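Asker: Quick one: sequence plus predicted model below, questions after.
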Amino acid sequence: MPARKRKKDSRMRGSHTHGWGEKKKHRGSGHRGGKGRAGSGKRGDAKKPSFWKEGRVRQIGFVSRSRTISNPLNVGDVNLMIENGKFEKKGNNYEVNLTALEFTKLLSKGKLKHPANIIIAAATPRAVKKVNTAGGSIMLKNKTE
């Protein structure tokens, strides 16, 4: 039967450095000069040329895979715009062209108190229902048309 080898940490008891050489070496990243781009300060001239060559390599955030840029607006905000006199009334309903104001989607938060004919590229089903119950209608139309 083979002899069992003791664990290294028990064999290193009392050895003062546990196999890492100098006392100071096995503390964080000090022995290897720091982590990442550390050490490029006033006295880090040896590292500076490689930093200049690489340029800034840090990436922050994420890239959206969606190609559509959405600019949403709530039904309650449309109501405020109507009350502030942003749109004209034609007949019984207000004419609200949201594509001209560069809004792309109508969301359902809030209430619409005035009947309005809204022109926009997209709308949620709940937003369409709220506009219809107020006596208005939604015409889905892209800005390019």
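Answerer: Great, that's in hand. Note that this is a predicted model, so its numbers are computed, not measured.
Asker: Pop out the phi and psi values for residue 37.
Answerer: Backbone torsions of residue 37, given as degrees, to the nearest 10, read phi -100, psi 30.
Asker: Following the chain onward from the lowest-mean-pLDDT helix or strand in the chain, which element is next?
Answerer: Ranked by mean pLDDT, DSSP states H and E, the helix or strand of the chain with the weakest confidence is helix 48-54, at a mean of 75. Toward the C-terminus, helix 48-54 is succeeded by strand 72-74 as the next helix or strand (DSSP states H and E).
Asker: Show me what counts as buried in that next one.
Answerer: 72-73 (16 or more other Cβ atoms under 10 Å). Yep, even glycine has a C-beta here, placed from its N, CA and C like the rest.
Asker: With adjacent residues omitted, what lies nearest to residue 24?
Answerer: Closest residue to residue 24 apart from its sequence neighbours, by Cβ to Cβ, 6 or more residues apart in numbering: residue 30 at 6.8 Å.
Asker: What about the one you found, how many residues nearby?
Answerer: Neighbourhood size, residue 30 [other Cβ atoms under 10 Å]: 11.
Asker: Show the pLDDT at it.
Answerer: Residue 30 is assigned 77 on the pLDDT scale.
Asker: What ranges does this structure have for its helices?
Answerer: With DSSP state H as the criterion, the chain has helices at 8-11, 48-54, 75-83, 125-133.
Asker: distance between the first one and the chain's centre?
Answerer: Averaging C-alpha positions (Cα atoms, centre = their mean, to the nearest Å) puts helix 8-11 48 Å from its chain's average.
Asker: next one: the last one
Answerer: The offset between the C-alpha centroid of helix 125-133 and the centroid of the whole chain comes to 29 Å, using Cα atoms, centre = their mean.
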